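In: Fold the following and give me the result.
(one chain, ligands or ions: 1)
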Amino acid sequence: MLKENILTQVSHSKTPFYYYDLNLLQTTLETVVAESSKHNYHVHYAFKANTNPQIIKLISKSGLGADCVSGNEVKCAVENGFEPSKIVFAGVGKSDDEINYALDKNIFCFNCESMQELEVINELASQQNKIASIALRINPNVDAHTHKYITTGLEENKFGINPYEFEEVIVKLKNLEYLKLIGLHFHIGSQITDLAPFKKLCLKVNEINQFFLNKGFDLPIINVGGGIGINYHEPDRDNLIDFASYFKVFHDFMELRKNQELHFELGRAIVAQCGNLISKVLYIKNGINTNFAILDAGMTELIRPALYQAFHKIENISSSSNSIIKYDVVGPICESSDCFGKAVELPETHRGDIIVIRSAGAYGEVMASRYNLRDEVRSYFSE
Ligand code: LLP
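Out: Numbers count the residues shown, from 1 in each chain. The predicted model follows:
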């Protein structure tokens, strides 16, 4: 970690702020590109994980495609040099304006999530006199074994088209002449730290791929989404995920035909470890059973612990005390859920100490809010 750089930044910047290690991001990107190219796989960066302009610029240079879930994300991708021919657009609730914008930009593919959406895209494409390339986002009913709020591939989840709807979709597609079905899309969830669910996904995709072939659809694109998790507990040891093993699961278990390309949509694995939330201790409040370290950063800057009970490593980088004390590390927001960690062991901590909350590069800054009329938070970068 870039302790010295962070301390220097703190000496002339207002806390809290996000601090990104662009060298680590660059190394991560080079690894993703190298490992995916070994199999000729195509990786789209999932914009939802982080849309900080500096981060996006670097990712754009790496040549990855973009996975977007709103019209503004598509716009951000286009404006930052992502080739429209590498932009995919998912989301259960695409508005007409968003669809029209994406049609206008000739994006690679709409990942369609419902039967009604197929009709709407067909209608809007006909008005532009264009053929929209689409993939069916399929809900494969594969359990990702992750937090229920970030599980997406079960029938109870709102995402995707269910296998029992396939026959109806096929009949419907015959009459939707402004749509071209080019692929099948899946995404079972996020922060999946065990590779077994991906193997299950491959086996399910093989069945569905064969089903569509039998129905006369020889589809060139299979997109398996993202979801590979990172190590929040040991960000220094595992600052890169094992991309080789991840891609190998698909290489070993996915039965692709010669004309088929495999696509991925990775967010967290690319940006999580390069970001940190930097904060100052405002107050220490010692209780009978619980000591609190109250920070100037809160759930408004990183909502993951409050929303998903997510673990983030917390470090005091300015204390040199040898005595280790347990603190509930909390923010200033008027919610009891505004807690970054309970009974966190830290060196004895004082007002003014600098606290780093690690692995905040994915779903940190993008999920920030102005709740309690908080100031907007700036970001800085390692050179
Ligand atoms: N593709 C689709 C269709 C998705 O819905 C997502 C994430 C991804 C790709 C990228 O997944 P990743 O590789 O980043 O796991 N805010 C939550 C995560 C929400 C993920 C939503 N979808 C969190 O902080 O854990």
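In: Give me the neighbour count for K61.
Out: By other Cβ atoms under 10 Å, 12 other residues sit near K61. From N, CA and C alone the C-beta is placed, and that goes for glycine too.
In: Is it in a helix, a strand, or coil?
Out: Look at K61: counting by DSSP: H, G, I helix; E, B strand; the rest coil, its state is helix.
In: any idea how far N175 lies from E123?
Out: Remark: distance between N175 and E123 (Cβ to Cβ, to the nearest Å) = 12 Å.
In: Now do the lengthiest helix in the chain: which elements does it pack against?
Out: Identified as the longest helix of the chain according to DSSP state H is helix 196-214. Applying 3 or more Cβ pairs under 8 Å, 6 or more residues apart in numbering; DSSP states H and E, we find helix 196-214 packed against strand 179-185, helix 243-253.
In: That helix vs the ligand: in contact?
Out: No - figure legend: helix 196-214 not in contact with the ligand (Cβ under 6 Å from any ligand atom); closest approach 11.6 Å.
In: For that helix, buried residues please.
Out: P197, F198, K199, K200, L201, C202, K204, V205, I208, N209, F212 (16 or more other Cβ atoms under 10 Å).
In: Which pair of these spans the longest distance?
Out: P197 and F212 (22.2 Å; Cβ to Cβ).
In: that older thread, determine which of the helices and strands packed on helix 196-214 approaches Y101 most closely.
Out: Proximity to Y101 (Cβ to Cβ) singles out strand 179-185 among the helices and strands packed on helix 196-214, at 17.6 Å.
In: The residue of the stretch 1-150 of the chain found nearest the ligand: neighbour count?
Out: Nearest residue of the stretch 1-150 of the chain to the ligand: A46, at 3.6 Å (Cβ to the nearest ligand atom). Using other Cβ under 10 Å, A46 is surrounded by 28 other residues.
In: now S321
Out: S321 has 13 nearby residues by other Cβ under 10 Å.
In: ok, now which ones touch it?
Out: Listed by Cβ atoms under 8 Å, 6 or more residues apart in numbering, the contact partners of S321 are P347, E348, T349.
In: again, 7 Å this time
Out: By Cβ atoms under 7 Å, 6 or more residues apart in numbering, S321 lies in contact with P347, E348.
In: which SS class is it?
Out: S321 ends up coil, using three-state DSSP.
In: now swap in A310 and tell me
Out: Applying three-state DSSP: A310 is coil.
In: Number the chain from 488, please
Out: Yes, from this point I'll number from 488; that puts the last item at A797.
In: Excluding chain neighbours, what is closest to it?
Out: R791 (3.9 Å; Cβ to Cβ, 6 or more residues apart in numbering).
In: Model confidence for the one you found, exactly?
Out: Here the pLDDT value assigned to R791 is 98.
In: how far away is it from K745?
Out: For R791, the distance to K745 - Cβ to Cβ - is 42 Å.
In: So the two - more neighbours on which side?
Out: R791 (23 against 4).
In: In this structure that one contacts G848, no?
Out: No - applying Cβ atoms under 7 Å as the test, R791 and G848 come out as separate, 11.5 Å apart.
In: one step back: which stretch among the helices and strands packed on helix 683-701 comes nearest the ligand?
Out: Closest among the helices and strands packed on helix 683-701, using Cβ to the nearest ligand atom: strand 666-672, at 7.5 Å.
In: which parts of this protein sit against the ligand?
Out: Residues of the chain lying near the ligand (Cβ under 6 Å from any ligand atom): 533, 535-536, 554, 577, 637, 639, 674, 677-678, 712-714, 752-756, 791, 795, 849-850.
In: So L511: helix, strand or coil?
Out: helix.
In: Quick check: closest non-adjacent residue to it.
Out: Spatial nearest neighbour of L511, chain neighbours left out: C761 (4.4 Å); criterion: Cβ to Cβ, 6+ apart.
In: Let me see the contact set for T633.
Out: Taking Cβ under 7 Å, 6+ apart, we find T633 in contact with G676, S677, Q678, I679.
In: low-confidence ranges in the stretch 638-787 of the chain?
Out: Across the stretch 638-787 of the chain, the ranges flagged by pLDDT under 70 are 640.
In: care to break the protein down by domain?
Out: 509-759, 760-869 (automatic domain parsing).
In: With distance to T495 added, can I get the ones you listed in JSON lines?
Out: Listed next are those as JSON lines, based on distance: least, Cβ to Cβ, whole Å:
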{"stretch": "domain 509-759", "distance to T495": "16"}
{"stretch": "domain 760-869", "distance to T495": "10"}
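In: so which of those domains gets nearest H499?
Out: Proximity to H499 (Cβ to Cβ) singles out domain 760-869 among those, at 10.1 Å.
In: any idea which element R838 lies in?
Out: Using DSSP states H and E, R838 sits in no helix or strand.
In: what do you get for Y506?
Out: Assigned by DSSP H and E, Y506 falls within strand 504-507.
In: contact partners of that strand?
Out: 493, 496, 541-542, 761-765, 847-848, 851-852, 864-868.
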